[in-house]
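**Student:** need a structure here:
(chains A and B, ligands or ions: 2)
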Amino acid sequence: MTESHDASPGASVSSSTTSLDASSAESSVAPQQVAEPLVVLTDVDKYFGQLHVLQNINLTIGKGEVVVVIGPSGSGKSTLCRAINRLETIQSGSITIDGKEMPEEGKGLAKLRADVGMVFQSFNLFAHKTILENVTLGPVKVRKKSPAEARRRGLELLTRVGIEAQADKYPAQLSGGQQQRVAIARALAMDPKVILFDEPTSALDPEMVNEVLDVMVDLARQGMTMVVVTHEMGFARKAANRVVFMADGQITEEADPETFFTAPKTARAKDFLSKILTH
Amino acid sequence: MDALRTLLSEYDVLAAFWMTIKLAVLSAIGSLIIGTVVAVCRVSPVAVLQWFGLTYVTLVRNTPLTLIVFFCAFGMSNTLGLTLAPTIIENNFRWGVVALSIYHASFVAEALRSGINTVPQGQAEAARALGLAFMPTLSTIILPQAFRGAIAPLGNTLIALTKNTTVVATIGVAEAAYVMRSMLEFNISLLYAIFIIMAAGFVILTLPVGIFFTYLSRKLTVQR
Ligand SMILES: Nc1ncnc2c1ncn2[C@@H]1O[C@H](COP(=O)(O)OP(=O)(O)O)[C@@H](O)[C@H]1O
Ligand SMILES: [Mg+2]
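**Tutor:** Numbering: from 1, shown residues only, chains lettered A, B, ... in the order given. Ligands and ions are numbered 1, 2, ... in the order given. Predicted coordinates:
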């Protein structure tokens, strides 16, 4: 275990977040945990044509850590998430999951992706499959579990997110909040090492936001490693260990939620916070 | 009326339509298989396969069916000696099925591709995020939804296919149009009666196909 820790290139580079010691006291990162790094981004650059969407990103996410990514629209938050499970390729730098570099397209990539859950803004439940089938498809097809075992575990997860009564319905028959909770159950069914959430509540009617956030807070309490793109400050305060602020493709500020929301350092973050606070 | 009755006893119209049905069903299966493969090539990330898919559709769709049927029967079978069956009749029948399958596959491929375009990008992304590779994503998530979205154009293709089976009369397969021509040759006085019988026969064949596909498209439409 320690070997993979030392071998991983990110471990030494972005030490500010994980191997924090007393001497770097001015860092605002929550110091309570010295977790093993799970997701390590090192000098990541990504272009869309001329557009430099991710600029020299260095970020380390420890096991069990909950990181909230916040920032103006178009700053590259979705691209960051999608790069982590390689739905987007990067031009330079490296991204490792539990010490292993994301391989090129192919079997190896599919296998590593199975360890990285993803919850999308638009839910993306499989429209032609029932709720239960949505949750059992991955375990059966990718993890090669028996259908009976996948079904048992699927129902258990649906119960956990409060959707067990809808197991035989189709996604379109559920409300947005219910669909998103199913999407979370679908990700959990793979027993992922980390789950990425890309604005999971942005497409929801206001009265459904909390039912989804509650599930996410529970997950965070149970020690799931999570990267969450969201502007929900309540969630960040309750569940996040760290807030990462992105602007124009760069991480410009990192702090624990309380520090970030009450005393942001950069003008950009202050400006952004004043905008989301006013409504 | 008597003349017509005699005529119908001389020619086996039912057997002719049975031949039409066999041609249509086998070619439908063939064109669905080939068409699916071509459509998959067109959406695959591999440039060579994309090129193959596009070339196939462009070439085949713009070639007259008669030409393809002749090419199969005379080019492949007679000249190159590629026979698919020992007897001439059975051989021509099989090459007819091959020609019909190849031709209609181009339409099936286009229908399916339009169906694939109706499937939101997020469906494939969710599947890939679960760790499904390209082929399983295609076969379990994309194609099942694409077929549902393509049912109307697929139905039209199958109806056109049923009627297009008449083209293989030109290579001597004794299907409906072939028998009709023989009947007309010696009974030109019964022209209208024969026409009506044949037209009615095709309507009886294609109408259920249309109704079935309308039913399917209602039943299988993917709610979003
Ligand atoms: N597939 C794409 N092709 C070209 N540009 C893109 C693509 N996806 C996103 N972008 C651009 O990249 C920038 C960052 O996008 P995104 O990561 O979605 O930002 P955010 O999620 O923070 O709103 C935006 O300017 C967006 O227009
Ligand atoms: Mg976004």
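
**Student:** who touches the closest residue to chain A within chain B in this structure?
**Tutor:** Per CB to the nearest CB, residue B:131 is where chain B lies closest to chain A, at 3.0 Å. (Each C-beta comes from the backbone N, C-alpha and C, glycine too.) Residues near residue B:131 by CB atoms under 8 Å, 6 or more residues apart in numbering or on different chains: A:110, A:111, A:112, A:113, A:114, A:115, A:138, A:142, A:190.

**Student:** Recalculate using a threshold of 7 Å.
**Tutor:** Residues in contact with residue B:131, defined by CB atoms under 7 Å, 6 or more residues apart in numbering or on different chains, are A:110, A:111, A:113, A:114, A:138, A:142.

**Student:** One more: residue A:81?
**Tutor:** Neighbours of residue A:81 in contact, by CB under 7 Å, 6+ apart: A:196, A:198, A:227, A:229.

**Student:** about what we covered before: and the contacts of residue B:131, which is closest to chain B?
**Tutor:** residue A:114 (3.0 Å).

**Student:** follow-up on the earlier one: tell me the phi and psi of the residue of chain B closest to chain A?
**Tutor:** phi 100, psi 10 (degrees, to the nearest 10).

**Student:** Filter the contacts of residue B:131 down to the buried ones.
**Tutor:** For these, a burial check counting by 16 or more other CB atoms under 10 Å in any protein chain shown picks out A:110, A:113, A:114, A:138, A:142.

**Student:** which residues of chain B fall in helices?
**Tutor:** Here chain B has its helices, by DSSP state H, at B:2-10, B:13-43, B:47-61, B:65-70, B:88-117, B:121-130, B:134-136, B:143-149, B:151-164, B:176-186, B:191-220.

**Student:** For residue A:242, name its beta-bridge partners.
**Tutor:** Counting by DSSP bridges, residue A:242 is bridged to residue A:67.

**Student:** Against residue B:106, how distant is it?
**Tutor:** 56 Å (CB to CB, to the nearest Å).

**Student:** In contact with residue B:182: list those residues for me.
**Tutor:** Taking CB under 7 Å, 6+ apart, we find residue B:182 in contact with residue B:11.

**Student:** Just the pLDDT for it.
**Tutor:** Looking at residue B:182, its pLDDT stands at 86.

**Student:** what does the one 5 residues further on give?
**Tutor:** Each residue has a pLDDT score; the one for residue B:187 is 84.

**Student:** same check, this time on residue B:32
**Tutor:** On the pLDDT scale, residue B:32 is placed at 96.

**Student:** Pretty sure it sits against residue B:108.
**Tutor:** Yes - Residue B:32 is within contact range of residue B:108, at 5.8 Å (criterion: CB atoms under 7 Å).

**Student:** neighbour-wise, which of these two wins?
**Tutor:** Neighbour count, other CB atoms under 10 Å in any protein chain shown: between residue B:32 and residue B:108, residue B:108 has more, with 28 against 19.

**Student:** From residue A:114, how far out is residue A:145?
**Tutor:** Residue A:145 is 12 Å from residue A:114, by CB to CB.

**Student:** List, one by one, the residues from chain A near chain B.
**Tutor:** A:85, A:87, A:107, A:110-111, A:113-114, A:118, A:120, A:122, A:124, A:126-128, A:138, A:141-142, A:170, A:172, A:190 (CB under 7 Å from any CB of the partner chain).

**Student:** where do the helices sit along the stretch 51-200 of chain A?
**Tutor:** Here the stretch 51-200 of chain A has its helices, by DSSP state H, counting those that start in this stretch, at A:77-84, A:107-114, A:131-141, A:147-160, A:176-188.

**Student:** worst average pLDDT in those helices?
**Tutor:** Ranked by mean pLDDT, the helices of the stretch 51-200 of chain A bottom out at helix A:107-114, with a mean of 83.

**Student:** Show me what it is packed against.
**Tutor:** Counting contacts by 3 or more CB pairs under 7 Å, 6 or more residues apart in numbering or on different chains; DSSP states H and E, helix A:107-114 is packed against helix B:121-130.

**Student:** Can you tell me which helices and strands the helix it packs on packs against?
**Tutor:** helix A:107-114.

**Student:** Report the angle between the helix it packs on and helix A:131-141.
**Tutor:** If you take axes from the mean of the first three to the mean of the last three CA atoms, to 10 degrees, helix A:107-114 sits at 140 degrees to helix A:131-141.

**Student:** can you state the direction angle for helix A:107-114 and helix B:121-130?
**Tutor:** 100 degrees.

**Student:** quick one: contacts of helix A:107-114?
**Tutor:** A:85-86, A:97, A:100, A:102-103, A:142-143, A:190, B:128-133.

**Student:** mind running it again at 10 Å?
**Tutor:** Identification of contacts with helix A:107-114 by CB atoms under 10 Å, 6 or more residues apart in numbering or on different chains yields A:84-87, A:96-98, A:100-103, A:138-139, A:141-143, A:190-193, B:128-134, B:136-137.

**Student:** Compute the inter-axis angle for that helix and helix A:77-84.
**Tutor:** 130 degrees.

**Student:** Just the CA atoms of helix A:107-114, as CSV, please.
**Tutor:** Taking Å, rounded to 0.1, in the frame of the first residue of the first chain, the C-alpha atoms of helix A:107-114 are listed here in CSV:
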residue,chain,number,x,y,z
LYS,A,107,-10.6,-3.1,-22.2
GLY,A,108,-8.3,-1.6,-19.6
LEU,A,109,-10.1,1.7,-19.7
ALA,A,110,-13.5,0.1,-19.4
LYS,A,111,-12.3,-1.8,-16.3
LEU,A,112,-10.9,1.3,-14.6
ARG,A,113,-14.0,3.3,-15.4
ALA,A,114,-16.1,0.8,-13.6
